[in-house]
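>>> when you get a sec, could you give me coordinates for this:
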Amino acid sequence: MPRELTPDQQRETVRGFVDAAFVERGMVADVALHEGHHPAEPNPHAHILLTTRTLTRDGFGPKNRDWNAKELLGAWRTQWEIECNQALEEAGKDARVDARSLAGQGIDRLPTVHEGVAVRQMERRGIAADRGNLNRMVRQQQAVVVNLAAVQKDRQALDQIRQRIGDQAEAWRIQAGWPEPAYQRLRRWEVQAGRVLTRQDVGGWVQAVQTGETAVQKTAKAALEQRQGAQQALEKVQAGVWHLTTELEHRSDPYHGLRGWWARWRRSEAYQVWQQQGEQLKAQRQILEQTVVQQQERVAQRQAEYVQTQAAVEREQRQLAQWAGLLELPWTSAEQVAREIRAEEATS
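Now for the predicted structure:
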């Protein structure tokens, strides 16, 4: 997972990838998120365990051999690239990932090799391993060699991608008067997907986000109700403390001052009863005061949960606004003509 993202953003990115790549196919996915083996070398990653059998009313059914097709691996790598780059863009990060190998990207550069846990532990203890030495040599070569051919290949690959997404679609959007931000936004998605995107693609995204927004709104409403319930319980307990304090002050009035001294001497038995009752009231008030502290902590916890759900709602709404706006633009000639007719009817 990209280290540029926060743990929450990493978790949401993995969740979106798992939903799109596996769950929508009918698989059951078990996801384990790991921070890495050593704090000094963060390596956030996820392990995803998948079922190979379809799920029926009676439990697991026969195996779906199509899920083992090697062709799916490339599609999954591309889907992960799209999810990561979208999350990095929304987080305002410049970093991007590419599902292709260095050779596939046309980059003439030596790749490093996977070191593994054992090699990293040896390196931390000061023991130079063969794989560690090889990677250090590769990094030194990368630092001192400027490969102009790789830059030229990158430019050629970018030109091929632009041509692949369709010059006709590009010219049509300009002619239809698309706003530049919306036009560039769709272009970035098309470059990532490697094809021309359609209204159906964006419509599917909007529908998925709307479903997610509905679920998040329901969670936010429940969090708000819980916060209000906790606040009401706190106010009720605070009212009980105030009532006991008032009662204690009211009962102690006859025994204050000079007249109180006289009352304590003349009515010693009643004064002793009052003292016992006062101690009971103080004990009750102390219990309620402790309850007040607990309720205040509960209110603060519910408030934090509500703030988190509100942030999730705002995030879904921003994403929805980013995509839904594209559906309001003309995607075909027929839509453009219908839009012009509506404009003429509105002005006539």
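
>>> which parts of the stretch 101-250 of the chain are helices?
For the stretch 101-250 of the chain, the helices defined by DSSP state H, counting those that start in this stretch occupy 116-124, 130-144, 148-164, 167-175, 180-193, 199-252.

>>> tell me the mean pLDDT over the third one?
Averaged across helix 148-164, pLDDT comes to 63.

>>> go on, the last one?
Confidence for helix 199-252, expressed as mean pLDDT, is 76.

>>> give me the distance from that helix to the chain's centre.
A distance of 22 Å separates the centroid of the chain from that of helix 199-252, by Cα atoms, centre = their mean, to the nearest Å.

>>> what helices and strands are in contact with it?
helix 268-327 (3 or more Cβ pairs under 8 Å, 6 or more residues apart in numbering; DSSP states H and E). For glycine as for every other residue, the C-beta is placed from the backbone atoms N, C-alpha and C.

>>> now do the helix it packs on against helix 199-252, angle only.
On the basis of axes from the mean of the first three to the mean of the last three Cα atoms, to 10 degrees, helix 268-327 is oriented at 170 degrees to helix 199-252.

>>> the nearest residue to residue 227 once chain neighbours are set aside: neighbour count?
Among residues not flanking residue 227 along the chain, residue 302 sits closest, at 3.9 Å (Cβ to Cβ, 6 or more residues apart in numbering). For residue 302, the neighbour count with other Cβ atoms under 10 Å is 19.

>>> which residues touch residue 302?
223, 226-227, 230 (Cβ atoms under 8 Å, 6 or more residues apart in numbering).

>>> how close does it get to residue 316?
Distance of residue 302 to residue 316, given as Cβ to Cβ, to the nearest Å: 21 Å.

>>> so residue 83 touches residue 16, yeah?
Yes. Residue 83 is within contact range of residue 16, at 5.2 Å (criterion: Cβ atoms under 8 Å).

>>> you'd agree residue 66 is in a helix?
Yes. Under DSSP: H, G, I helix; E, B strand; the rest coil, residue 66 sits within a helix.

>>> so who does residue 98 touch?
Residue 98 neighbours (Cβ under 8 Å, 6+ apart): 81, 105.

>>> again, only using 6 Å
Listed by Cβ atoms under 6 Å, 6 or more residues apart in numbering, the contact set of residue 98 reads residue 105.

>>> that one sits in which helix or strand?
Element membership of residue 98, judged by DSSP states H and E, is empty: it is in no helix or strand.

>>> and the gap between it and residue 81?
For residue 98 relative to residue 81 (Cβ to Cβ), the value is 6 Å.

>>> residue 83 and residue 16: which has the busier surroundings?
residue 83 (22 against 19).

>>> mind checking which helix or strand the nearest residue to the more buried one once chain neighbours are set aside is in?
Spatial nearest neighbour of residue 83, chain neighbours left out: residue 17 (4.4 Å); criterion: Cβ to Cβ, 6+ apart. If you go by DSSP H and E, residue 17 is part of helix 7-21.

>>> residues touching that helix, excluding its own?
For helix 7-21, the external contacting residues (Cβ under 6 Å, 6+ apart) are 1, 29, 44, 46, 76, 79-80, 83, 87, 91.

>>> quick one: which of these sit in strands?
Counting by DSSP state E, the contacts of helix 7-21 place 29, 46 in strands.

>>> between the contacts of helix 7-21, which is closest to residue 205?
Proximity of the contacts of helix 7-21 to residue 205 (Cβ to Cβ) peaks at residue 83, which lies at 12.1 Å.

>>> any idea how far residue 70 is from that closest one?
Look at residue 83 and residue 70: by Cβ to Cβ, they are 21 Å apart.

>>> quick check: phi and psi at residue 60.
Dihedral pair for residue 60: phi -80, psi 140, per degrees, to the nearest 10.

>>> leaving out the residues flanking it, which one is nearest to it?
Nearest one to residue 60, counting by Cβ to Cβ, 6+ apart, is residue 53 at 4.2 Å.

>>> which secondary element of this protein has the worst mean pLDDT?
Least confident helix or strand of the chain, by mean pLDDT, DSSP states H and E, is helix 257-266 with a mean of 52.

>>> picking that back up, show me which pair in the contacts of helix 7-21 is furthest apart.
Using Cβ to Cβ, those span at most 23.8 Å, a distance reached by 29 and 91.

>>> out of those two, which sits in the busier spot?
Using other Cβ under 10 Å, the more surrounded residue of residue 29 and residue 91 is residue 29, with 17 against 14.

>>> give me every residue that touches the more buried one.
18, 22, 48, 50.

>>> among these, the buried ones, what's the PyMOL command?
Here is the PyMOL selection string for the buried members of these, based on 16 or more other Cβ atoms under 10 Å:
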select buried, resi 18+22
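
>>> which one among the contacts of residue 29 gets closest to residue 132?
Once Cβ to Cβ is applied, the member of those that ends up nearest residue 132 is residue 48, at 28.5 Å.

>>> how about residue 226: what's its closest non-neighbour residue?
Residue 226 sits nearest to residue 302 (Cβ to Cβ, 6+ apart), 5.0 Å away.

>>> what's the distance between the one you found and residue 209?
From residue 302 across to residue 209, the span is 27 Å (Cβ to Cβ).
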